[in-house]
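Engineer: Coordinates for the following, if possible.
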Amino acid sequence: MSLLPLVSHADGCASSFQTHLRESFPALSALYTQDARVAEAALDIFRETLAKLQKDVDDLAELVYRVDAWTSEARGMSVGQDPQQALQHVGGLVDMYQTELLNKREALADFTCEEINLSEFEKRWKDTSEIEAGKKQTMDDLADMLASFG
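Structural biologist: Okay, the predicted model is just below:
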């Protein structure tokens, strides 16, 4: 039995996280208006986005448990069927997206408590450096694994 569908589902959850985050970007411009109702509606969008991001991270975390169940059953399988590799991949995704979710929560909290200004909030809300660093590490790990075969 292959773990590729689980790993593919994990990658889909990661893509969903990024899509949900990007979909909230237009609401940033509403915060620049002087209308309090418009700004509050935009803040609601960010709160809803955080809920969606949390669901994406929860879905990833559940996959860790599903993949982990395989580690006790399967040994010595080929690439694409190794539960340890799948667990590493999915676990890494959970870590990086959980960190990014926490960063977004902190940015919104800091902004609503007036600890940061709007331009700093916008910068922090759009920043996905944790994800980019994780992707780079994943590619480096993949390159190392492929090099070990040659």
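
Engineer: Could you report the distance from the residue nearest to residue 43 when sequence neighbours are not counted to residue 44?
Structural biologist: Leaving aside its chain neighbours, residue 43 sits nearest to residue 112 (6.8 Å; criterion: C-beta to C-beta, 6 or more residues apart in numbering). The way it works is simple: take the backbone N, C-alpha and C, and place the C-beta from them, glycine included. Counting by C-beta to C-beta, to the nearest Å, the separation of residue 112 from residue 44 is 12 Å.

Engineer: quick revisit: does the residue nearest to residue 43 touch residue 42 like I think?
Structural biologist: No: counting by C-beta atoms under 8 Å, residue 112 stays clear of residue 42, with 11.4 Å between them.

Engineer: Could you check which of the two has the larger neighbour count?
Structural biologist: residue 42 (19 against 13; other C-beta atoms under 10 Å).

Engineer: helices and strands around the longest helix along the chain, which ones?
Structural biologist: Once the chain is assigned using DSSP state H, the helix that runs over the most residues is helix 36-71. Packing contacts for helix 36-71, counted by 3 or more C-beta pairs under 8 Å, 6 or more residues apart in numbering; DSSP states H and E, involve helix 4-24, helix 27-30, helix 83-112.

Engineer: Regarding residue 33, what is its secondary structure?
Structural biologist: Put simply, residue 33 is coil when judged by DSSP: H, G, I helix; E, B strand; the rest coil.

Engineer: The closest residue to it other than its chain neighbours and residue 50: what is the separation?
Structural biologist: Counting by C-beta to C-beta, 6+ apart, residue 39 is the residue found nearest to residue 33 once chain neighbours are left out, at 6.3 Å. As judged by C-beta to C-beta, residue 39 and residue 50 stand 17 Å apart.
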